[in-house]
Structures are given as C-alpha cells and as structure tokens.
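Chemist: Curious how this folds, go ahead:
(2 chains)
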Number of protein chains: 2
Amino acid sequence: MFQINENYLKLPGSYLFSTIGKKVRAYSEANPDKEVIRLGIGDVTQPLAPAIIRAMHEAVDEMGKAETFHGYAPDLGYGFLREEIAGKDYRDRGCNISADEIFISDGAKSDCGNIQEIFSADSRIAVCDPVYPVYVDSNVMAGRTGEYDEAAGVWSRVIYMPCTADNGFVPELPGERPDLIYLCNPNNPTGTTLTRDQLKVWVDYARREGAVILYDAAYEAYISQEDVPHSIYEIRGAGECAVEFRSFSKNAGFTGVRLGFTVIPKTLKCRDVAVRDLWARRHGTKFNGAPYIVQKAAMAVYSDEGKAQLKDQVAYYMNNARVIYEGLKSAGYEVYGGINAPYIWLKTPSGMSSWEFFDWLLEHAHVVGTPGSGFGPSGEGYFRLTAFGTYENTVKAMERIRKLKGSL
Amino acid sequence: MFQINENYLKLPGSYLFSTIGKKVRAYSEANPDKEVIRLGIGDVTQPLAPAIIRAMHEAVDEMGKAETFHGYAPDLGYGFLREEIAGKDYRDRGCNISADEIFISDGAKSDCGNIQEIFSADSRIAVCDPVYPVYVDSNVMAGRTGEYDEAAGVWSRVIYMPCTADNGFVPELPGERPDLIYLCNPNNPTGTTLTRDQLKVWVDYARREGAVILYDAAYEAYISQEDVPHSIYEIRGAGECAVEFRSFSKNAGFTGVRLGFTVIPKTLKCRDVAVRDLWARRHGTKFNGAPYIVQKAAMAVYSDEGKAQLKDQVAYYMNNARVIYEGLKSAGYEVYGGINAPYIWLKTPSGMSSWEFFDWLLEHAHVVGTPGSGFGPSGEGYFRLTAFGTYENTVKAMERIRKLKGSL
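Modeler: Got it, this is the predicted structure:
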C-alpha cells in the first residue's frame, strides 16, 4: 500500500484564515440582519489602479494576435521586469542586486512556502512569535519541526523568538543556533518594525553563525519612517546571508492578480554552491513562469503614472490605519503597529484570550479581526485588525468598538 | 553553517529545454543568415481565441472597479470554474467527479512537480521511459530516486517502463511493486496512446498493488480515436487509485496564461486519510489561488463560442501533425504518434544518436526538435517534433527534411 507524507497529519487543525472564514459564515447565517465588517484577513479592497488596468488591457490584446502572442514565459521571469525591479527597487536604494538574482513568481506566499525545500531536511528554523503561519506550516510538512505540544502550541524543533510589548516587539538573538531565520519586516501580524540598526544585529549574527535570513518584505511600501529599511540589502553583508521575498499584493493590490518575487544574491553560498542556482533549478522544474499579462501589469507599477496612483492607494490604507490606531487608543486600548504597516496589533481587554475577544467582537460589534494566538503562542492576548477595508467601514467599525468599550 | 538540500546536486546537467535553448541560440548567433524553424518545445503559437480575449477584457474591467474588484481567490479555485469543469469535463463523460475534488492551479507542470510531496519520502516511483522530465526530476529533489548511473542514464530507485516501437509504446506492468506510477496519456513525448482496455490493465494493477496512478492528461483535447479515454475516471475503479492532471495550455493556448487543475477523488485513501485533504492543505499553505482574470478566461473555454473556436485551433495543430507525419513517412522515416497528440516521434536514421540527429537537423535543415534521449534512456535513437508551429513553417520544415533525407 502506498504511504502518505505523515508530517501533514501533524498539522493542528486547519489554516488560521479558513477557521475564521467558517466562524464568520456561521455567524452571518445565524444573524442575517447584522452587517459584518471584515478587518481580519489582509486582503485589499481598492480596485487596481488605472495605469495597471490599461497595461493589462494592452497585454490581453497582444495575446489575441499571432504577431504579439506570448507563449511560455521564461521560468525565472521576463527580463524587462527583472531589470525594472533590479533598478528601481534595489539599485536606486543603493542595493547591489542584479536582474539575474531576481526570480518572478506567482506570489510571496508560494515562495515563502517553497523556499525551505532547497535547504537540508534537518535544518533548524527560528521564527518570530507571533508569525505568519506559512513559515512554520511549510516546515511542518517537510518534517523539520519535531513534535507538537498542543497545550503550549509549540513545535519541539522550532526556535521561537517572542515579540511582545515587553521587548518592544524586537526579537532577541536565540540561545540555540538556527540554520534558517524567518524575519518579516514590517511585521505581519504585529505591524511593528526593525530599524536599520536592529536589523544589522541580525545580519551580523547570521553571518557569524552561518545562518540564512529568510526576509519577508511584503509590506515595505507602507514604511513611513526613515530608519526602517525597505530591503535587507540596505544592510552591509546581507548579500552573503539573506534571501528576500517581495510581493505586489499589498503595494499594488495584486492579491487576486498573483505576482511576487524572490531575491537571492549570487554571493549567498553554502561552500561552493550558490543558493541562487538551486532556486533557479526549482523554478525551472516545478514552475512554469508567471503570466505575461501579469508581468506587463507589474511594469505599470513602476511607471510614473502608476507610482503616483499607488502612492494614493497606500495613503488611503494608511489613513485607515490611523483611524483604527487613534480610535482604539481613544477607546482605551493598548495599541501597536499601524505606523509603517497596514496592521494594528492590540492587547485584548480585561484579560480576554484572543479567541474570546474574536467571538466577543464578532457578537457585539460585528467586526472580524484575527486572534493573535493564531500566529503563535506569544500572540495570545493580542488581536490584529487590518487597514485594508474601505474608509467608510473602518470608521464604522471604530464607532462600534468605541461604544462597546464603554460597556465592557 | 546552514546546509542545502543535497539532492539538488544529484540532478545531471540542466533542464532539457534549457540545453536545447542554449544550443539553438549559439547556432543562430553563429549563423545569422539561417532561418531556424522551432519544432522543439511544446509551446503553442496561435493567439488566444476571441471568446477568451473578450472574457479577459471583461474581467480586467471588473478588477478596475471597487464594486466588482476581486482580491484573494479561494485557494482551491473559484466555485464557478470548478463546477463547470466537474460538469463538462467529467459528468458529461459519465465520470463521477464533483467540484470539491477539483483543485485549480497555475498549471499542470506545478501540480505534476508538487504532487509527490504529499506522499511518503520513501515511495518508489515508476515512470514510462521516455517521459516528461518533471516527474523524475521532482522526485530527485525529494531524495526518492537513489543514485544516478550516468552511463546508463538511470536512477537506482526509479522503476523504468520502456516504451519503444518493440512494445508498441505500451508499458508493461513492472516486475517490482511501485507506490506511485506516472502515466501520461496521450503520451508526451511519443505522441502514442493507451486505449481504454490498455489503461484498465493499469487501474486494475494499481488497485491490486495499492499503488497510486498519477495520470497526466494534458493532451486529451487532441484525442481523435474513439477507444482512447479522455480521463482515467472513464475506467471503473480509477476513483480509488488515480490522481488526474489537466491543463489549459494545449487545448486553449494558455502556456503563457497559466492555468491547470488536478483531480483527486475523495475515494482515494491511504487507510482513513483522504489524499484529497492533503492536497487541499498543501494548496492552502503554499499557494494562494490562480488569478481571477485567468479563471474567468477559462470559463470562456467551456462556452459554445469558445468551444467552437478552440476546436478549430486544435484542428489547425493536428493538420500540422498530419503534415509532419506524412512528410516524414514519404521521406522514408519510421514515424509514430501524431494521431491523438500534437507530437510526432521518429526513429533517427542511419543509427544516429538522438543528439547527433539534433545537431545534424539543426545544421542542415535549420529545424529544431527534441532529442529522444532527453526524455530517458529508451528515448535514445528517437526524436520528437511538435505540431505547435505555424502551418507555413511546418510545411517548410518538412520540405527541408525531405530534401535532406535524399542526401543522407
């Protein structure tokens, strides 16, 4: 009899956002008269910018004519886009990254999930706690995480780096040596950041210990403060120890369009093997390129017109973040994030657990957020709200929450 | 020091089509006056059908308006498309497949490459020889294939099932018991097929031995003969032992659009675990849905207008297949395939090796094909031509080859 990958059976319950979806559906069915506002999942709500829509229409027309039809894209992405990214996202910021170190994909979630497979099966991973669930779950599937302690909500072979209000959400260097260190900056879910100086500590540590930093910069477009780096390659030495993931989902609203990229400098090596070459081989074997239409749409993200439109879009969401941040503050909540990221992280009131607060908020304010404990044990007692709703809904949600707080 | 996945280093050379690409570029640069005709890689050349283009434009417009914008797609695909596939590709053919057994993805190559990871790490795989390289390479990366014998071109733990003219390209049941059996029908690269009766032998064998058939039906739209099944689920019992991969690349020209799907019936189980549930979990963790625009475009594939346009497109390519088949025959070649598939498989003349014939054909006819040995040791002495060129180029290529044959 054939056998399955038993590691899959170790995964506790279902994916966090599926659980939330089910709870909300059940609530809505039982309470059809209640208008539910969703500030839970990090999905955008603003339509694609006009410059992007125009680029897409043009690309669709090209696909309809024999002379301009595009079949298989290059596995690693079209040269035009890789060059644009290398120039505008990196060289313009003083980062020495070239087009052949950039790998276009169908999104940062795929890349974050797949990257682990080019590393050794017994690699030790370190993650911030709380953290985006994909980092840990993809390593569970690969058998790297040991056994799950259900009561504590931790895996025996995962190194957890707590990020709470107590340490200002800045992870401390771990006591045990990890091989792979996942960092997300600006952070999902806490919305907090590492400054350039704080990140430098990690780059130095990784180089000293021979570890790789897997750096998720999906939210870099939301950075407003000068001392927060947009790329890890702004830190000297990162080219020898870091992989960077980027996304078009949050800066350009591509959550339903699907495009991202991964950067692996040629200088990141294990002995004489460039990690970049392994990823290129994976891309060439298990992926067949991102759609031409989508890669052309991404070019519009870098045009002057597109940039101006997207700056407004980011400002729109960050205004929502301000509304949430100030709304919660004035209601007496302890609030974090929201300055350099579209996420607001709040301490649950009255010692409620994260899921208790989820249920309470859904029941009394009809607002959906994400329980902090879903992101890891140190997220317990916290709760995430996102700024990706509409302005109107965001304001309305805050009014409801403010009223509630008084009645707690 | 962090360690890499050493299995990657076992992979011999680069991906077949990258090697061909490099050889052709070198030839073209050295011979800029020669017009090279590419009948090598299986990429389509006809533009997307008008019904598909229209559906794409409409979907792009939806993405540009707040009321109709679509963010994250459901991980497993939109219900509208999964229902359409279940109805038109399966129930209409008498196959008992429901929407929740269908998983939309960015293409069959990704799915064929990723499927192995939901099975045990020590699974034994069996492949036809010759075969699409992704099946073996993805298992090499996962460490399932043992050691590579460079002289013989085989892996010690892979069960090879030779398919040559001697057995009419019908694989024989293996002597050793495999866990996972890859079958591609109609076959890439040989263009030959298994009939319903021949496939039934495999379904019965898999059920008897507790093996899973990983059935790649990417070319089903090209089937012209009545006794060749369009889906493995036409065979009784396949629902308990088979996974099916389908693609929009070859029936609708989506090579550069990216869409495919995998079918895993709920009745395919290992003990009490439904394999379907593992794949759903993988999709939910390492994938974030296919683009809305692309899934809407796929709906046009099933419309009456789209179906009529695509029938013409398939007929166009199959007319090319006829031109190649008859052209080679009349030039005295031994030729196979081309009846139910867009691939023609020929025996190299005068005892040439596959790569000798590749070089000879490029040099003298400026025609690019694919060396059979690139698909496995039993492909040695064979050569693949594809019907995906334009009609004009196909005719021209055959004229050149016919002239050459006289001069051999």
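Chemist: which residues of the stretch 101-250 of chain A fall in strands?
Modeler: Assigned by DSSP state E, counting those that start in this stretch, the strands in the stretch 101-250 of chain A fall at A:102-105, A:125-129, A:148-149, A:154-155, A:159-162, A:180-184, A:212-216, A:242-247.
Chemist: Flag the shaky bits of the stretch 51-200 of chain A, pLDDT-wise.
Modeler: Within the stretch 51-200 of chain A, not a single segment meets pLDDT under 70.
Chemist: Repeat that for the stretch 301-408 of chain A.
Modeler: A:405-408.
Chemist: Output the longest helix belonging to chain A.
Modeler: The longest helix of chain A (DSSP state H) is helix A:304-330.
Chemist: which secondary structure elements does that helix contact?
Modeler: Packing partners of helix A:304-330 (3 or more CB pairs under 8 Å, 6 or more residues apart in numbering or on different chains; DSSP states H and E): helix A:50-63, helix A:249-252, helix A:292-301, strand A:335-337, strand A:343-347, helix A:391-406. For glycine as for every other residue, the C-beta is placed from the backbone atoms N, C-alpha and C.
Chemist: Can I get the strands of the stretch 101-250 of chain A in a markdown table including distance to residue B:361?
Modeler: As requested, those are exported to a markdown table (distance: least, CB to CB, whole Å):
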| stretch | distance to residue B:361 |
| --- | --- |
| strand A:102-105 | 33 |
| strand A:125-129 | 50 |
| strand A:148-149 | 57 |
| strand A:154-155 | 55 |
| strand A:159-162 | 56 |
| strand A:180-184 | 47 |
| strand A:212-216 | 45 |
| strand A:242-247 | 42 |
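Chemist: Quick one: closest of those strands to chain B.
Modeler: strand A:212-216 (5.1 Å; CB to the nearest CB).
Chemist: could you check the angle strand A:242-247 makes with the closest one?
Modeler: Computed by axes from the mean of the first three to the mean of the last three CA atoms, to 10 degrees, the angle separating strand A:212-216 from strand A:242-247 equals 20 degrees.
Chemist: outside of strand A:212-216, which residues touch it?
Modeler: A:108, A:112, A:115, A:119, A:132, A:135, A:179-185, A:188, A:202-203, A:206, A:232, A:238, A:241-245, A:268, A:275, B:2 (CB atoms under 8 Å, 6 or more residues apart in numbering or on different chains).
Chemist: Pull the distance from that strand to the chain's centre.
Modeler: 12 Å (CA atoms, centre = their mean, to the nearest Å).
Chemist: now swap in stretch A:141-150 and tell me
Modeler: 22 Å.
Chemist: How about stretch A:138-153?
Modeler: 21 Å.
Chemist: List the contacts of the residue nearest to residue A:91 when sequence neighbours are not counted.
Modeler: Nearest-residue entry for residue A:91: residue A:97, 7.1 Å, with adjacent residues in sequence omitted and distances by CB to CB, 6 or more residues apart in numbering or on different chains. Counting by CB under 8 Å, 6+ apart, residue A:97 touches A:86, A:89, A:90, A:91, A:233, A:263, A:265.
Chemist: Looking at the strands of the stretch 101-250 of chain A, which is nearest to residue A:195?
Modeler: strand A:180-184 (12.9 Å; CB to CB).
Chemist: That closest one packs against which elements?
Modeler: So strand A:180-184, by 3+ CB pairs under 8 Å, 6+ apart, packs with strand A:125-129, helix A:196-209, strand A:212-216.
Chemist: Strand partners (parallel or antiparallel) of it?
Modeler: Using DSSP bridges, the strands paired with strand A:180-184 are strand A:125-129 (parallel), strand A:212-216 (parallel).
Chemist: Rebuild these as JSON lines, extending it with distance to residue B:368 and mean neighbour count.
Modeler: Shown next, in JSON lines, are the strands paired with strand A:180-184 (distance: least, CB to CB, whole Å; neighbours: other CB atoms under 10 Å in any protein chain shown):
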{"stretch": "strand A:125-129", "distance to residue B:368": "44", "mean neighbour count": "25"}
{"stretch": "strand A:212-216", "distance to residue B:368": "39", "mean neighbour count": "25"}
